[in-house]
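Engineer: Here is the input, now give the coordinates:
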Amino acid sequence: MTGEDIFYTSSDGLTLHAKSYGPSTDTSAIVCLHGLTRNHKDFEPMIAALGMPARFISVDVRGRGQSDRDPNPANYNPAVYAGDVLGLLDQLKLDRVHLIGTSMGGIISMILMTMIPDRISSVVLNDVGPIVEQAGLRRIMTSAAPAAGYDNWSAAAEAIAQAQAVPYPHLSPEDWMAFARRTCRVEDNGQIVPDFDPAIITPVPDKRPGLAARLGMWRLFAKMKPVPLLVIRGGNSDILSAKTAEKMVKRHKRASLATIPGVGHAPLLNEPESLSAIRHFLSETAG
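Structural biologist: As a prediction, this is how the structure comes out:
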C-alpha cells in the first residue's frame, strides 16, 4: 500500500517509524498498534479492505519494522511503547484518536487510556484482555523464536506457514507469501529474516500471574469504560478465552463482541466478519 512514512524521536533518542494512510489534514486518526512480533504492515490488508475515507496511522513499535532496535531490552515493554505512541500523537498534533490494538497493541491501548483518556474516542481490542492464557503465550513465544534466516521468500513463507498453521488453518500459499512479506525483511547478505529484534522474545513464567497481578489487569481494563469498545476474538483463540471476552463485555457496559470463526490468535482483521464489525463500529463512533 502507498502511504506517508513518519519518523519521530523517542524520549530516549531512538528513531521510530509509523505510516499514515488516507487524508492527513484532520486532527483525528485511527491509530493501529500491532502485536509482539508484527509491524505496521500487519494492518495494511484491513485498511485496504475497509476502504474508509479516514486517516489510519499504523505504528512500528520500537524494535520492529523501520523503528530502531533498542540497545536496552528492558525497554521492550508496553509502558514504554505507550509513551512512544504518545510522543507520536503529540508530534502529529492529534487531538482525538481511535485505537485498534492487536494482542500486545491492545495492552498498549489500555495503558494509553490511563494516560490520555480525553484524547481517545474508541478502542478495538483484537484478541486480548485482562487475562492472557499461559498456554497460548508459551505457544507464541515458541513459534516466534527467530530463525537464522531463509534463502528465499518461498522458504520463508513455508516456514511461517508451518509455525502458524494452528491459528490460521485456512490460509492459501498466496496468503502465506503475503504474510511472509509483511513480517520479514531482506538483510544486506540476501538472507530473509523476521523483522524484529530477537531480544523481544522472553521466557514465559511457569506459573500464571498471581491474584494481585490479575486484579491489577482488571483495574487497567476498567479504565476503558469511558469510551465505546469493540472486542474481537478468534473463535479458536488460545490467548483470549470465550469466558474472559464475555466477562469484558459484561463489565464494560458499552462494549460489543465479535467472534471470528475458524481463526486463532490473532485475527488478521481482513476476515469478512472482522471487517463488518470494525466498519460498523468505526462508522458509529467516528461519525
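
Engineer: so residue 137 touches residue 239, yeah?
Structural biologist: Yes. Contact criterion CB atoms under 8 Å: residue 137 and residue 239 qualify, at 6.8 Å. In short, each C-beta sits where N, CA and C put it, glycine included.

Engineer: Neighbour count for these two, which is higher?
Structural biologist: Legend: neighbour count by other CB atoms under 10 Å for residue 137 and residue 239, higher for residue 239 (25 against 18).

Engineer: Please report how far that one lies from residue 140.
Structural biologist: Applying CB to CB, to the nearest Å, the value for residue 239 to residue 140 is 7 Å.

Engineer: Residue 246 now?
Structural biologist: Residue 246 is 23 Å from residue 140, by CB to CB.

Engineer: More neighbours: which of those two?
Structural biologist: residue 140 (22 against 14).

Engineer: Output the host helix or strand of residue 280 as CSV - backbone C-alpha positions only.
Structural biologist: Here residue 280 sits within helix 272-285, counting by DSSP states H and E. The C-alpha trace of helix 272-285 is given here as CSV (Å, rounded to 0.1, in the frame of the first residue of the first chain):
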residue,chain,number,x,y,z
PRO,A,272,-15.2,-10.7,6.4
GLU,A,273,-16.6,-10.9,10.0
SER,A,274,-13.8,-8.7,11.3
LEU,A,275,-14.3,-6.1,8.6
SER,A,276,-18.0,-6.0,9.1
ALA,A,277,-17.6,-5.4,12.8
ILE,A,278,-14.9,-2.8,12.5
ARG,A,279,-16.6,-0.9,9.7
HIS,A,280,-19.8,-0.7,11.7
PHE,A,281,-18.0,0.2,14.9
LEU,A,282,-15.9,3.0,13.4
SER,A,283,-18.9,4.3,11.4
GLU,A,284,-20.8,4.6,14.7
THR,A,285,-18.0,6.0,16.9
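
Engineer: okay, and for the stretch 101-250 of the chain, where does confidence drop off?
Structural biologist: Scanning the stretch 101-250 of the chain for pLDDT under 70 picks out 145-147, 206.

Engineer: now the strands: where do they sit in it?
Structural biologist: 120-126, 184-186, 192-194, 229-234 (DSSP state E, counting those that start in this stretch).

Engineer: contacting residues for residue 281?
Structural biologist: Listed by CB atoms under 8 Å, 6 or more residues apart in numbering, the contact set of residue 281 reads 122, 124, 228, 230, 256.

Engineer: With residue 224 instead?
Structural biologist: Per CB under 8 Å, 6+ apart, neighbours of residue 224: 110, 113, 123, 252.

Engineer: can you check residue 136 too?
Structural biologist: Per CB under 8 Å, 6+ apart, neighbours of residue 136: 237, 238, 239, 265.

Engineer: That's all I had, so thanks and see you.
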